[in-house]
Each structure stands twice: as C-alpha cells, then as structure tokens.
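Asker: quick one: sequence plus predicted model below, questions after.
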Amino acid sequence: MDFNKEFDASGLACPLPIVKTKKALADMASGQVLRVISTDPGSVCDMAAFAEQTGNDLLEQGSENSKFVFYLKKA
C-alpha cells in the first residue's frame with residue numbers, strides 16, 4: 001500500500017505508540033496515509049480504538065517480520 005509518511009514505534013510501550021501516532025498525523029494533510037510499525041501487542045486494539053475515536057480511517061493492519069503494521073488515513 002502507498003503511504004506518505006512512516007513512523008516506527010518499535011520498542012515503545014503503551015501509550016507511546018498511540019501518542020506518537022497522533023503527533024505524526026498532526027503534521028499531515030487530510031487524505032494522506034501514515035504507516036505505523038509497532039512491537040507492542042496492545043497496539044492492535046489501541047490503534048483500532050484510536051482510529052474510531054479520532055475519525056481517522058484504519059485502512060489496513062497486519063504483521064511483518066514479527067512487528068505490527070498499520071495504515072491510517074488522516075481524516
């Protein structure tokens with residue numbers, strides 16, 4: 001999937017992946033896609049809840065090389 005910006009939250013524990021994802025999205029234009037990489041298993045539930053609460057679209061989530069990968073589209 002194409003993305004405009006990538007943020008690697010590997011090694012960060014809750015709530016830092018979400019806090020830093022929010023900050024990364026703040027610098028982006030509406031419609032742009034952010035790719036987030038995380039090693040925190042809690043980020044799977046957290047990212048879905050974050051997207052729902054903020055109105056951003058969670059386009060896709062999966063795993064790559066034992067890491068969790070999310071694609072968020074800024075509202």
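Answerer: Structure received.
Asker: where does this protein dip in pLDDT?
Answerer: Scanning the chain for pLDDT under 70 picks out no residues.
Asker: where along it do the helices fall?
Answerer: Ranges of helices within the chain are 16-26, 43-54, based on DSSP state H.
Asker: what's the angle from the shortest one to helix 43-54?
Answerer: Same thing as helix 16-26. If you take axes from the mean of the first three to the mean of the last three CA atoms, to 10 degrees, helix 16-26 sits at 40 degrees to helix 43-54.
Asker: dump the residue contacts of the residue positioned nearest the centre of the chain.
Answerer: The centre of the chain sits closest to V36, judged by CA atoms, centre = their mean, with a distance of 4.1 Å. Going by CB atoms under 8 Å, 6 or more residues apart in numbering, V36 touches 6-9, 17, 21, 24, 43, 47, 69-72. The way it works is simple: take the backbone N, C-alpha and C, and place the C-beta from them, glycine included.
Asker: mind checking how far the residue of the chain positioned farthest from its centre is from L16?
Answerer: Using CA atoms, centre = their mean, the residue of the chain lying farthest from its centre is N65. It sits 16.6 Å away. From N65 across to L16, the span is 20 Å (CB to CB, to the nearest Å).
Asker: what's the closest non-adjacent residue to A48?
Answerer: L58 (5.8 Å; CB to CB, 6 or more residues apart in numbering).
Asker: returning to what we had before: looking at the contacts of V36, which is nearest S30?
Answerer: L72 (12.2 Å; CB to CB).
Asker: next, count neighbours for that closest one.
Answerer: For L72, the neighbour count with other CB atoms under 10 Å is 27.
Asker: am I right that it is in contact with D57?
Answerer: Yes: with contact defined as CB atoms under 8 Å, L72 and D57 form a contacting pair (6.8 Å).
Asker: related to what we said a few turns ago, quick one: the residue nearest to A48 and F70 touch, right?
Answerer: Yes: taking CB under 8 Å as the definition, L58 is a contact partner of F70 at 6.5 Å.
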